[in-house]
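# I'd like to go over a predicted model; first the sequence, then the structure.
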Amino acid sequence: MSSKNIIEKIKKAGLFGRSGSSFPTGLKWEIVKKAKGKKKYVVCNGAEGEPEAFKDKFILENYPQEVVAGIKVALEALRADSAYIYLRKDYYQKFKKVLEKEIGDSPIIIFKKSGGYLAGEETALCEAIEGKRPEPRIRPPFPSEVGLWGCPTLVNNVETFYAVSKIARGEYRKTRFYSLGGQAEKKGVYELPEDWTMAKVLKETGNWPDFPFFVQSGGGASGEIFLPQELDQPIKGLAAMIIFNQKETDPFILMDKWLKFFLTENCDKCLPCREGLYRLNEMIKERRIEETILDDLHFLMSETSFCPLGKFAMTPFVSLIRKILPQYQKAPPFKAGMNGGLSGAFGTGFQPKN
């Protein structure tokens, strides 16, 4: 498989990262190639820590040869010294042997993920591979310039390397993998055109519900909530969609589930994230939401949190509260607290009937 002019081929194909950030892949490879360093490294990120996302597992089960081939292309194109396949623990146990068979004598090391959700963030995984505690680093600098052991490092998702192998062979057809879960009639992973709308994906796969529903798109923790009439747009970020029956879903029980995940997985190092999640948890427990406090928390966490967990943690809550909660209660969605803002008490607010 030739890696000649692969960066230009990737750019021409319009490939973007499949991990959720949607960063242009060709540009990232170009940055790493041009970066100065005694050594260069490649990392295939198979952490897949977002709940209800399982496309990487599907790819590793069905296309390990293509994934490894894409990594080998990167090694050659970037003149990198070695590569790592960074896998969550259960994937490591399941796919280690088959991947080793494909790797052969190439300088590719399979690394078992240490830690939880945060350990899948690209700078945290660099820390883990270096033998340190898997916590995010300050960015910039980004791993493409200062990554493993201070050297330029390419970090791409499992699916991205799969796509690179297709591009190198001239077989890329601008598709991507969609994982459909929740109360989907036909759960699974589907390889479909990347520009299909969420509505078309659901309809063409036989997963458009015959009951009132909403969709969480982007994963089962940080994914945004969409109503049926909002699905006529291409999916953004991580292509994972979870279907919920609107009549059977208690928004507060769902939000409590999300909170348990975030409270467990956050590192408590970052003040905006730690305190923001605590305040949100208090509101959810009380089943009383105050608009001003919610808006302030959303702004502070998204703008000042140290890592992506805190920056995007409020996304599902804000979208669910604004789109689903009013319909759930059939009442005006908010009534701002008497004092307003983060300084306000939980004196008045929207409280659903028991």
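Arrived safely.
# what lines up beside the host helix or strand of residue 177 in the sheet?
Per DSSP states H and E: residue 177 is located in strand 175-182. In the sheet, strand 175-182 lines up against strand 188-193 (antiparallel), strand 240-245 (parallel) (DSSP bridges).
# The first one: which residues count as buried?
Buried residues in strand 188-193, defined by neighbour count with 16 or more other CB atoms under 10 Å: 189, 190, 191. Where C-beta positions appear, they are placed from N, C-alpha and C, glycine not excepted.
# Same question for the last one.
Going by neighbour count (16+ other CB under 10 Å), the buried part of strand 240-245 is 240, 241, 242, 243, 244.
# Please apply the same query to stretch 276-283.
Buried residues in stretch 276-283 (16+ other CB under 10 Å): 276, 277, 279, 280, 281, 283.
# what's the answer for stretch 296-309, then?
For stretch 296-309, by 16+ other CB under 10 Å, it's 296, 297, 298, 300, 301, 302, 305, 306, 307, 308, 309.
# cool, stretch 319-330 as well?
319, 320, 321, 323, 324, 325, 328.
# for stretch 257-274, same thing?
So stretch 257-274, judged by 16+ other CB under 10 Å, has buried residues 258, 259, 261, 262, 265, 266, 267, 270, 272, 273.
# Give me the pLDDT for the residue positioned nearest the centre of the chain.
Residue closest to the average C-alpha location in the chain (CA atoms, centre = their mean): residue 20, at 4.5 Å. Per-residue pLDDT puts residue 20 at 73.
# what's around residue 174, how many residues?
12 (other CB atoms under 10 Å).
# Ok, residue 89 next?
Neighbour tally, residue 89, other CB under 10 Å: 12.
# wait, it sits on residue 112?
Yes: Residue 89 lies in contact with residue 112 (CB atoms under 8 Å); the separation is 5.9 Å.
# need the buried residues of strand 240-245 in JSON lines with pLDDT and distance to residue 53, can you?
As requested, the buried residues of strand 240-245 are exported to JSON lines (pLDDT from 0 to 100; distance: CB to CB, whole Å):
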{"residue": "240", "pLDDT": "94", "distance to residue 53": "4"}
{"residue": "241", "pLDDT": "96", "distance to residue 53": "10"}
{"residue": "242", "pLDDT": "97", "distance to residue 53": "9"}
{"residue": "243", "pLDDT": "97", "distance to residue 53": "14"}
{"residue": "244", "pLDDT": "97", "distance to residue 53": "16"}
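# now the residues you listed in JSON lines, with distance to residue 76?
As requested, the buried residues of strand 240-245 are exported to JSON lines (distance: CB to CB, whole Å):
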{"residue": "240", "distance to residue 76": "31"}
{"residue": "241", "distance to residue 76": "36"}
{"residue": "242", "distance to residue 76": "38"}
{"residue": "243", "distance to residue 76": "42"}
{"residue": "244", "distance to residue 76": "45"}
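# before we move on, back to that, so of the buried residues of stretch 257-274, which ones are in helices?
Residues of these located in helices (DSSP state H): 258, 259, 261, 262, 265, 272, 273.
# Let me have those residues in a markdown table, extended by distance to residue 209 and pLDDT.
Below are those laid out as a markdown table (distance: CB to CB, whole Å; pLDDT from 0 to 100):
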| residue | distance to residue 209 | pLDDT |
| --- | --- | --- |
| 258 | 21 | 95 |
| 259 | 26 | 94 |
| 261 | 24 | 92 |
| 262 | 27 | 91 |
| 265 | 29 | 88 |
| 272 | 37 | 86 |
| 273 | 34 | 88 |
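# residue ranges for the helices of the protein, please.
Counting by DSSP H, the helices of the chain are 6-13, 25-34, 55-62, 64-78, 89-103, 122-129, 158-168, 198-204, 251-265, 271-286, 291-304, 308-312, 314-323, 325-329.
# domains in the protein, as residue ranges please.
6-168, 175-245, 251-329 (automatic domain parsing).
# what's the pLDDT at residue 175?
96.
# Excluding residues flanking it in the chain, which one is nearest it?
residue 191 (5.1 Å; CB to CB, 6 or more residues apart in numbering).
# pLDDT below threshold where in this structure?
1-4, 329-354 (pLDDT under 70).
# same thing but at 50, please
Low-confidence segments of the chain (pLDDT under 50): 331-354.
# Just give the nearest non-adjacent residue to residue 193, would you?
Distance criterion CB to CB, 6+ apart; nearest residue to residue 193, sequence neighbours excluded, is residue 175 at 5.8 Å.
# and the one you found, how many neighbours?
15.
# List the residues that contact it.
191, 192, 193, 194 (CB atoms under 8 Å, 6 or more residues apart in numbering).
# Report the contact partners of the closest residue to residue 150 other than its chain neighbours.
Nearest residue to residue 150 in three dimensions, chain neighbours excluded: residue 37, at 7.6 Å (CB to CB, 6+ apart). Contacts for residue 37 were tallied using CB under 8 Å, 6+ apart; they are 150, 151, 152.
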